[in-house]
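A.B. asks: Give me coordinates for this.
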Amino acid sequence: MELHLKRPLLFFDIESTGLDITNDSIIELSFLKVFPSGEERIRTWRVKPWDYEKNVQRPISPGAARVHGIKDKELRDCPCFYEIAPEVISWLEDCDLAGYNSHKFDLPMLAEELERAALHKGVHFDIDLHDKQMVDVQTIFHKMEPRNLKAAYRFYCGGEDFENAHAAEADTMATYQVLKGQLDKYPETELKNDVDWLARFTEMNKTIDYAGRLAEDEKGRIIINFGKHRGKTAREVWRIEPSYFDWIERSDFALDTKKQFRRLKQQFKQEQKKPLEGNELNDATAELARHFSGK
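C.D. replies: A predicted model of the protein is given here:
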């Protein structure tokens with residue numbers, strides 16, 4: 001079944017030096033852009049993983065090398081991510097996103113590399129991945145047939161393994177075929193051929209940053225999701241310990257996490273310039289009461 005698209009849907013897959021979003025880097029990136037007309041465009045980059053602090057090529061971890069088979073020497077003459085960032089952003093414009101296990105790894109890693117490139121170049125990239133719909137094909141698989149991409153491909157695409165698994169382009173193409181196979185297998189009443197619906201169906205717990213350090217509670221408030229302030233609202237923490245936000249900025253957190261904390265800090269500073277009224281005043285009073293009561 002072909003996809004019903006209102007705007008382009010960009011399938012993507014990443015191979016990297018390792019699995020640490022903060023300290024590893026992309027070495028291969030593949031995009032497959034599917035348009036509402038049915039047109040398909042594909043672009044794959046090999047990337048020299050760059051350590052911006054040490055100003056050297058970042059090595060591939062042995063564990064990652066065993067998975068994708070890419071060697072450090074193969075990347076020495078490849079461009080660094082900051083050099084391809086403008087082209088990557090042009091592909092990301094005006095589209096929704098899709099991937100396999102992308103919520104947990106590929107999307108956070110791509111966001112981190114874009115933030116690193118922007119800092120290195122001293123520029124602001126006019127793109128926010130948080131604004132895009134994200135369809136995670138793995139989540140559909142796990143929800144509809146509660147198990148990796150090879151198994152999904154066998155199950156939905158005729159029983160054969162696909163070639164070159166763990167090469168970014170092969171994985172990207174397989175992910176596209178799996179989503180189409182999923183739409184063929186399940187009736188519209190169970191799985192809608194609509195990107196907005198699929199994005200809602202595959203979204204994880206509502207987090208504000210990709211690392212999940214900030215989350216949204218059932219009342220729609222932004223809360224701290226780790227450490228000593230877990231469960232407290234970000235606004236409460238700002239009022240009782242504003243230095244916590246500076247600690248986040250200085251510490252070894254993902255750049256996207258730091259960016260979201262900075263955004264909240266700016267918001268709270270602006271709020272301080274005007275008096276609280278109504279519900280805002282009640283919320284602030286309740287938060288302070290909880291703090292001083294030790295709850």
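
A.B. asks: can you give me the helices in the stretch 101-250 of the chain?
C.D. replies: Taking DSSP state H, counting those that start in this stretch, the helices of the stretch 101-250 of the chain run over residues 107-121, 137-144, 149-156, 168-185, 195-202, 234-240, 243-250.

A.B. asks: State the number of residues packed around Tyr218.
C.D. replies: Just so we're on the same page, residue 218 is Glu rather than Tyr. 6 (other C-beta atoms under 10 Å). Heads up, the C-betas are built off the backbone N, CA and C, glycines and all.

A.B. asks: lowest-confidence stretch among the helices of the stretch 101-250 of the chain?
C.D. replies: Among the helices of the stretch 101-250 of the chain, helix 149-156 has the lowest mean pLDDT, at a mean of 87.

A.B. asks: just checking, what packs against that helix?
C.D. replies: Counting contacts by 3 or more C-beta pairs under 8 Å, 6 or more residues apart in numbering; DSSP states H and E, helix 149-156 packs against helix 137-144, helix 168-185.

A.B. asks: for the helices of the stretch 101-250 of the chain, which one sits closest to Pro36?
C.D. replies: Of all the helices of the stretch 101-250 of the chain, helix 195-202 sits nearest to Pro36, with 10.2 Å by C-beta to C-beta.

A.B. asks: ok so, going back, so can I have CSV of the helices of the stretch 101-250 of the chain showing mean neighbour count and distance to Lys73?
C.D. replies: Shown next, in CSV, are the helices of the stretch 101-250 of the chain (neighbours: other C-beta atoms under 10 Å; distance: least, C-beta to C-beta, whole Å):
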stretch, mean neighbour count, distance to Lys73
helix 107-121, 20, 21
helix 137-144, 20, 32
helix 149-156, 19, 27
helix 168-185, 21, 18
helix 195-202, 18, 38
helix 234-240, 19, 45
helix 243-250, 13, 36
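
A.B. asks: Can you add distance to Lys228 and give the ones you listed back as CSV?
C.D. replies: Shown next, in CSV, are those (distance: least, C-beta to C-beta, whole Å):
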stretch, distance to Lys228
helix 107-121, 23
helix 137-144, 31
helix 149-156, 38
helix 168-185, 39
helix 195-202, 32
helix 234-240, 10
helix 243-250, 9
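
A.B. asks: Quick check: which of the ones you listed is nearest to Glu216?
C.D. replies: Glu216 lies closest, by C-beta to C-beta, to one member of the helices of the stretch 101-250 of the chain: helix 234-240, at 10.3 Å.

A.B. asks: on that earlier part again, which among the helices of the stretch 101-250 of the chain is found nearest to Lys258?
C.D. replies: Lys258 sits nearest to helix 243-250 of all those, at 5.6 Å, using C-beta to C-beta.

A.B. asks: now that closest one, how far from the centre of its chain.
C.D. replies: 23 Å (C-alpha atoms, centre = their mean, to the nearest Å).

A.B. asks: now stretch 93-104
C.D. replies: The mean C-alpha position of stretch 93-104 is separated from the chain mean by 8 Å, C-alpha atoms, centre = their mean.

A.B. asks: same question, stretch 81-97
C.D. replies: 14 Å.

A.B. asks: And stretch 44-53, by the same measure?
C.D. replies: On C-alpha atoms, centre = their mean, the centre of stretch 44-53 falls 18 Å from that of its chain.

A.B. asks: do stretch 128-146 as well
C.D. replies: So, by C-alpha atoms, centre = their mean, the centroid of stretch 128-146 is 11 Å from its chain's centroid.

A.B. asks: one step back: quick one: which of the helices of the stretch 101-250 of the chain is nearest Gly18?
C.D. replies: Going by C-beta to C-beta, the one of the helices of the stretch 101-250 of the chain nearest Gly18 is helix 107-121, 10.1 Å.

A.B. asks: if we look at that closest one, which residues are touching it?
C.D. replies: Helix 107-121 is contacted by residues 12, 14, 16, 21-22, 24-26, 29, 52, 81-82, 85, 88-89, 97, 99, 124-125, 127, 129, 134, 210-211, 254-256, 259 when judged by C-beta atoms under 8 Å, 6 or more residues apart in numbering.

A.B. asks: Mind doing that once more with 7 Å?
C.D. replies: With contacts defined as C-beta atoms under 7 Å, 6 or more residues apart in numbering, helix 107-121 is touched by 14, 16, 21, 25-26, 52, 81-82, 85, 124-125, 129, 134, 210-211, 254-256, 259.
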